[in-house]
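Student: predicted structure and sequence below. I'll ask about it afterward.
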Amino acid sequence: MQDLVSAFGLLARIDVLIALFIGSIGGVIIGAIPGVGAAVAIAILLPATFSLEPLVGLTMLLGIYGSSMYGGSIPAILINTPGTAVNALTTYDGYPMTKVGEARRAISLAYSASFFGGVFGILCLILLSPVLAWIAPQFGSREIFLASLLGIILVVLAHRGQIFAAGMLAFFGVLINTVGLEPIKYTQRFTFGQAWLASGFDLIVVVLGLFALSQAFLLLTEKDNSPKAQPLTGSLFSGMKELLRHKRVASAASGFGVIMGMIPGVGEFTAQFMSYTYAQKTSKKPELFGKGSPEGLIASEAANNAVPSAAMIPLLALGIPGEALTAMMLSVFYVHNVIPGPQLFQNNIEFVYALYLAMLILNVIVLVFLLSSTNLLTRIIQIPTRFLGIVILILGFVGVYSLRNSTVDCAIAAGFGVFGLILKRQNLPIVPIVLGMVLGGIMETKLRSAMARVKTPLDFIDRPIAAILFGLILLVVALHVRTLIMEHKKRRHEPDHEMHDGQQR
Amino acid sequence: MAQQIQTLKQMFQRYRRPGNFFFASFFLFVSLALCTQLGSQAKWLDGTKWSSQPALWPNIAIIGMTIFAGLNWISAFVSEKIDGRWAEISIWLRSFEFVLWFMGYVVLVPKLGYLPSTIIFGLALSVRMGYRSRKMLAVSVLTSSAIVVTFKSFLQVRVPGGAAYEFLPDAMRSFMLTYL
């Protein structure tokens, strides 16, 4: 309780509140514009937040992360185009509702489910925090190494049907993290004698290239488009009442969101898949799923909004980011020399609580903003896509150039921008590269320090948590092999080259 | 629609695109080329524990990358061919035009200054992309100015003043250097 009060004290500052407000509202707007996801916005804003205090910078980025999915549901429901990638499932039931004249009901339900998911996730985590504060210190170097390894394995295996590509991209991420002068023996690694490679590839430069510049190039090379959405009439308050009739689905979906959010490398898609399947299997009207089922819509939106707060757990408690956005946030901590991990959770729990409270407040800000401004957002959606590309290019420049005023950084970012465009056009995932880069770095450091006390290979897993993590790695791989065998036995013919743009946002 | 996601595999369906074989081949070629450099570009040092060897992680990364790139190539090779490979590659190549635009902007900023360069870049690229109405050009100027004011004036990001600012009167020069 004392810690919660201290956390309120940390938040009760005008700069923190302004950052939270800008992040929340900005996140909704960014999420509502198809073609600009939270990753693009966070990548661009990242260098600007370095000059701010950690709490101010992080609340702004958290605001964007936590609110973008609210905004993303608007185009998903109104024009069948998800604003962010994780709103794709929302189109399944949201758009059919719009087609039968129930757009207002669908939007209202989506907001209510998102709010429920967001708040549920945060409350779970506030309650869980003392347990985490107890567990986190038990994570030494070998446990963090194994947890990072598990994260990489999971992010590769989570890309079902793209595992080979996800694997090669994750290893590519590990490789680019090793380029340059290594800090222990001072030898050059893969610099080919080039001075500009000696300092390696900066994570932010790579992220800006892969997420922001690639998106600009993608929009500029594609046909111009200006999505049109019909304005909504009537009150949006009715959704909360309807949501309460489906509180079982909303709670289960949020629960899946929390659990999946906590596991590195898994995230929103798996949470949505599980909650949607659960909702369909337990529904009295399963035939409505995909044709405008309110339960389907709730399952999708509650699950994805419960994830951001849960995703902060491995980041804050162990210093291990589970997906691209928290990987970017990790750099904000590093810049300010605040190292997330067991120490932070143990000694600075009020900082952690302050972040959770900020997320709680942002959900309220976003809901109030959306209930009054949805029609304004339907107009923002109409920004021509190529013009959006120009704006992202201008914003991408300030992101990269402001780091160290380096033309070389800009050229590297542009190179990764082209690579990102190819990946997006190929519908291949970018996230494994970013996680490979971050988790690869963590694994290298932690393996080195862990091996100092390890005499035989078995010593590596002689502590309970290390043994559990190792067991989990074996289990995950075994389960994957089992699923492959089962799916192979079914031998269902599945078309694998339909036009699909799941990786383009 | 609901039938589309009965398994987790379907949720993350592969959905190959044209150019998939070319990309897989290119990535495998790069991986193999990097493999040949393992001995010279990452050192194994005498008297250093294996876990602290500078070459350990580059080796893990490149060998892993090559194995997965090989499997990905085989998967692309045995898959049905999708038409439109060269049209797709031409789109990738077309993006280099915007790389040039971007790098031109990067070169221009230290010379002309952040605000003038951003306005010129925004206007020129708007015209190039077909936004030639007065309204869109005005929107472009306003957007560029708003971005500069937000980042340089309010957030105080580190973008240096332009060499051209030296020709401005004293009071204006210092204002431009600090805020725009």
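Tutor: Perfect, I can see it now.
Student: only C-alpha atoms for contact and neighbour calcs from this point on.
Tutor: OK.
Student: how is the chain partitioned into domains?
Tutor: All of this is about chain A. The record's domain parsing of chain A by automatic domain parsing lists A:2-453, A:454-490.
Student: not what I meant, chain B
Tutor: Following automatic domain parsing, chain B resolves into domains at B:11-78, B:96-179.
Student: mind putting these in TSV, mean neighbour count included?
Tutor: Shown next, in TSV, are these (neighbours: other C-alpha atoms under 10 Å in any protein chain shown):
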stretch	mean neighbour count
domain B:11-78	19
domain B:96-179	17
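Student: export these to a markdown table and tack on distance to residue A:187 and mean pLDDT?
Tutor: As requested, those are exported to a markdown table (distance: least, C-alpha to C-alpha, whole Å; pLDDT from 0 to 100):
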| stretch | distance to residue A:187 | mean pLDDT |
| --- | --- | --- |
| domain B:11-78 | 7 | 90 |
| domain B:96-179 | 31 | 92 |
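Student: circling back: out of the domains of chain A, the one nearest chain B is which?
Tutor: In terms of C-alpha to the nearest C-alpha, the element of these nearest to chain B is domain A:2-453, at 4.5 Å.
Student: for that closest one, give the mean pLDDT please.
Tutor: Averaging pLDDT along domain A:2-453 yields 88.
Student: any idea which residue is closest to the centre of chain A?
Tutor: Geometric centre of chain A, nearest residue: residue A:325, 4.6 Å, by C-alpha atoms, centre = their mean.
Student: what residues does the stretch 1-150 of chain A have near chain B?
Tutor: Counting by C-alpha under 8 Å from any C-alpha of the partner chain, the residues of the stretch 1-150 of chain A close to chain B are A:47-48, A:51, A:92.
Student: mind running it again at 7 Å?
Tutor: By C-alpha under 7 Å from any C-alpha of the partner chain, the residues of the stretch 1-150 of chain A that approach chain B are A:48, A:92.
Student: quick check: residue A:77 is in a helix.
Tutor: Yes. With DSSP: H, G, I helix; E, B strand; the rest coil as the criterion, residue A:77 is located in a helix.
Student: show me what the longest helix along chain B is packed up against.
Tutor: Longest helix of chain B, by residue count under DSSP state H: helix B:85-112. The contact analysis (3 or more C-alpha pairs under 7 Å, 6 or more residues apart in numbering or on different chains; DSSP states H and E) places helix B:85-112 against helix A:214-221, helix A:407-425, helix B:114-128.
Student: picking that back up, nearest residue to the residue nearest to the centre of chain A in space, please, no chain neighbours.
Tutor: residue A:39 (6.1 Å; C-alpha to C-alpha, 6 or more residues apart in numbering or on different chains).
Student: which SSE is the one you found in?
Tutor: Under the criterion of DSSP states H and E, residue A:39 resides in helix A:38-49.
Student: put the alpha carbons of that helix into CSV.
Tutor: Extracted in CSV, the C-alpha atoms of helix A:38-49 (Å, rounded to 0.1, in the frame of the first residue of the first chain):
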residue,chain,number,x,y,z
ALA,A,38,2.5,1.8,-32.5
ALA,A,39,5.9,0.4,-33.5
VAL,A,40,6.5,3.1,-36.1
ALA,A,41,5.4,5.8,-33.6
ILE,A,42,7.5,4.5,-30.8
ALA,A,43,10.6,4.1,-33.0
ILE,A,44,10.3,7.7,-34.2
LEU,A,45,9.7,9.1,-30.7
LEU,A,46,12.3,7.0,-29.0
PRO,A,47,15.3,9.3,-29.4
ALA,A,48,13.2,12.3,-28.4
THR,A,49,12.4,10.6,-25.1
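Student: how far off helix A:214-221 does that helix point, in degrees?
Tutor: Going by axes from the mean of the first three to the mean of the last three C-alpha atoms, to 10 degrees, helix A:38-49 is angled at 120 degrees with respect to helix A:214-221.
Student: any idea how far helix A:38-49 is from the chain center?
Tutor: Distance, stretch centre to chain centre, for helix A:38-49: 13 Å (C-alpha atoms, centre = their mean, to the nearest Å).
Student: using PDB, write down the CA coordinates of stretch B:155-172.
Tutor: What follows is stretch B:155-172, C-alpha atoms only, in PDB (Å, rounded to 0.1, in the frame of the first residue of the first chain):
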ATOM      1  CA  LEU B 155      11.300  18.400 -27.500                       C
ATOM      2  CA  GLN B 156      14.700  20.100 -28.100                       C
ATOM      3  CA  VAL B 157      16.100  17.100 -30.100                       C
ATOM      4  CA  ARG B 158      19.700  17.500 -31.300                       C
ATOM      5  CA  VAL B 159      19.500  18.600 -34.900                       C
ATOM      6  CA  PRO B 160      22.200  21.200 -35.700                       C
ATOM      7  CA  GLY B 161      21.500  24.500 -37.300                       C
ATOM      8  CA  GLY B 162      22.100  25.000 -41.000                       C
ATOM      9  CA  ALA B 163      25.300  26.600 -42.400                       C
ATOM     10  CA  ALA B 164      22.900  29.000 -44.300                       C
ATOM     11  CA  TYR B 165      21.800  30.400 -40.900                       C
ATOM     12  CA  GLU B 166      25.200  32.200 -40.700                       C
ATOM     13  CA  PHE B 167      23.900  34.700 -43.300                       C
ATOM     14  CA  LEU B 168      21.000  35.700 -41.100                       C
ATOM     15  CA  PRO B 169      21.000  38.800 -38.900                       C
ATOM     16  CA  ASP B 170      22.300  38.200 -35.400                       C
ATOM     17  CA  ALA B 171      19.100  38.100 -33.400                       C
ATOM     18  CA  MET B 172      17.300  35.900 -36.000                       C
END
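Student: picking that back up, buried deepest among the domains of chain A, which one?
Tutor: Sort the domains of chain A by mean neighbour count, taking mean count of other C-alpha atoms under 10 Å in any protein chain shown, and domain A:2-453 sits at the top with a mean of 22.
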